[in-house]
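A.B. asks: Sequence below, structure please.
(one chain, ligands or ions: 3)
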Amino acid sequence: MAKVITLGQFIIQKQADFPYAKGELSRLLRDIGIASKIVNREINKAGLADIIGDVGSINVQGETQKILDVYANEQFISALSAGGECALVVSEENEEVIILNNDVSKNAKYVVAIDPLDGSSNIDVNVAVGTTFSIFRRISKEGEADIKDILQKGTEQVAAGYIVYGSSTMLVYTTGCGVNGFTLDPSIGEFCLSHPNIKIPETGTIYSMNEGNYVHFPEGVKKYIKYCQVEDAATSRPYTSRYIGSMVADLHRNLIKGGVYIYPSTASAPNGKLRLVYECNPLAFIIEQAGGRASNGFERILDIEVTEIHQRESIFIGSTEMVLKAEEFMAEYSAKEVS
Ligand SMILES: O=P(O)(O)OC[C@H]1O[C@](O)(COP(=O)(O)O)[C@@H](O)[C@@H]1O
Ligand SMILES: [Mg+2]
Ligand SMILES: [Mg+2]
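C.D. replies: Ligands and ions are numbered 1, 2, ... in the order given. This next block holds a predicted model:
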């Protein structure tokens, strides 16, 4: 029987890689693990009357908030607040930054951005959903944290990851030294190392996007879709189209099997739909650390200037060869589109 290594044990082991580490980041990752177990317990019951449905409020994105959106948001914020290692939180569900200035948190070294429940449209229909998190070291040293602490480029992340609540629940994260995956073993209530040192295949045969928006896609994306659908055995085409509609779940599948996920700008979303700070940046950090690539079709996601906490960005993310091919089409056709 393989030796079980829990998330907590793994984090402590890895802490040894950072001679000056005092355990703050380890405890912060622990707090995120705890909140995700509590959220997982409710998601597993998502079918029972008091858990599914809308709360009737609209969030800053203009989206109807689901009961579990709000519940997950509360659980992560309270775990981060109680744990004392986080001084400020940005959440998809909150218009403003949340400054944690209780006695334990106010001088904390880190700030966190979260999408408490990703793929909300799938929560009531028993399809995989996720949570994302992105962690930065504060810029402001003294006193209360400040919004500038979280408006840092993705390259400055010290850790990032996601939890996917699917047939099993997995937590996948990086601290910049590779990507590791942990599966929740409900019988012991622990995340156990199940996917050490994950590497995304250099290429794949899966493309993921909402083709329902096809007519509004940039010409480059339309051409890339046609490229994916051409019959060519030598390049394993036509590729297979897979779209769950939960970015974390689509990305997790592509991380394991190879593939590309694209959410480009559309007529209704000229800057794309997904949010740079708590969706694109953490997932781009994971994918790059696993050997893949992430851009907005032109520029590396992690290099993009962050000016607003809810700014949106187009995203092309996944196996390097597939993202490069899509970028080729974007470069070729975007020039033609503007001329
Ligand atoms: O319904 P669409 O336009 O395809 O968008 C689906 C995308 O939007 C999201 O649901 C946005 O995330 P939230 O559910 O956290 O708002 C992604 O997970 C998903 O990939
Ligand atoms: Mg989301
Ligand atoms: Mg969400």
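
A.B. asks: pLDDT on stretch 55-66, on average?
C.D. replies: Mean per-residue pLDDT for stretch 55-66: 91.

A.B. asks: ok, now stretch 100-116?
C.D. replies: Rounded mean pLDDT across stretch 100-116 is 90.

A.B. asks: buried set for it?
C.D. replies: Residues of stretch 100-116 classed as buried by neighbour count (16 or more other C-beta atoms under 10 Å): 100, 105-106, 108-116. The C-beta positions use only the backbone N, C-alpha and C, and glycine is treated the same way.

A.B. asks: ok, which residues in the stretch 51-200 of the chain are in contact with ligand 3?
C.D. replies: 92, 115, 117-118 (C-beta under 5 Å from the ion).

A.B. asks: which of these are close to ligand 2?
C.D. replies: Within these, those near ligand 2 by C-beta under 5 Å from the ion are 115, 118.

A.B. asks: Would you write out the PyMOL command that picks the buried residues out of the residues of the stretch 51-200 of the chain next to ligand 3?
C.D. replies: Here is the PyMOL command that selects the buried residues among those (16+ other C-beta under 10 Å):
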select buried, resi 92+115+117+118
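
A.B. asks: circling back to that earlier point, which two of the buried residues of stretch 100-116 have the greatest separation?
C.D. replies: Lys106 and Asp115 (24.7 Å; C-beta to C-beta).

A.B. asks: all helices of the stretch 1-150 of the chain, in order?
C.D. replies: 7-15, 24-43, 67-83 (DSSP state H, counting those that start in this stretch).

A.B. asks: Can you redo these as CSV, where the extra columns are mean neighbour count and distance to Ile58?
C.D. replies: Below are the helices of the stretch 1-150 of the chain laid out as CSV (neighbours: other C-beta atoms under 10 Å; distance: least, C-beta to C-beta, whole Å):
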stretch, mean neighbour count, distance to Ile58
helix 7-15, 17, 35
helix 24-43, 20, 22
helix 67-83, 21, 11
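
A.B. asks: For the ones you listed, which has the smallest mean pLDDT value?
C.D. replies: helix 7-15 (a mean of 89).

A.B. asks: Can you verify Ile163 is assigned to a strand?
C.D. replies: Yes: assessed with DSSP: H, G, I helix; E, B strand; the rest coil, Ile163 lies in a strand.

A.B. asks: Just to check, it is in contact with Leu171?
C.D. replies: Yes: if you go by C-beta atoms under 8 Å, Ile163 and Leu171 touch, sitting 4.9 Å apart.

A.B. asks: who in this protein is up against ligand 2?
C.D. replies: Contacts of the chain with ligand 2, taken as C-beta under 5 Å from the ion, map to 115, 118.

A.B. asks: Okay, domains of the chain per the record?
C.D. replies: Following automatic domain parsing, one finds the domains of the chain at 7-195, 206-338.

A.B. asks: Span of the longest one from start to end?
C.D. replies: The straight-line separation of the ends of domain 7-195 (C-alpha to C-alpha, to the nearest Å) is 12 Å.

A.B. asks: Which part of this protein gets nearest to ligand 2, residue-wise?
C.D. replies: Asp118 (3.4 Å; C-beta to the ion).

A.B. asks: Run through the bridge partners of that residue.
C.D. replies: Gly130 (DSSP bridges).

A.B. asks: Now do the contacts for the nearest residue to Leu100 once chain neighbours are set aside.
C.D. replies: Nearest non-adjacent residue to Leu100, counting by C-beta to C-beta, 6 or more residues apart in numbering: Ser81, 4.9 Å away. Residues near Ser81 by C-beta atoms under 8 Å, 6 or more residues apart in numbering: 100, 102, 105.

A.B. asks: my guess is the last one meets Ala87, correct?
C.D. replies: Same thing as Ser105. Yes: counting by C-beta under 8 Å, Ser105 touches Ala87, with 5.6 Å between them.
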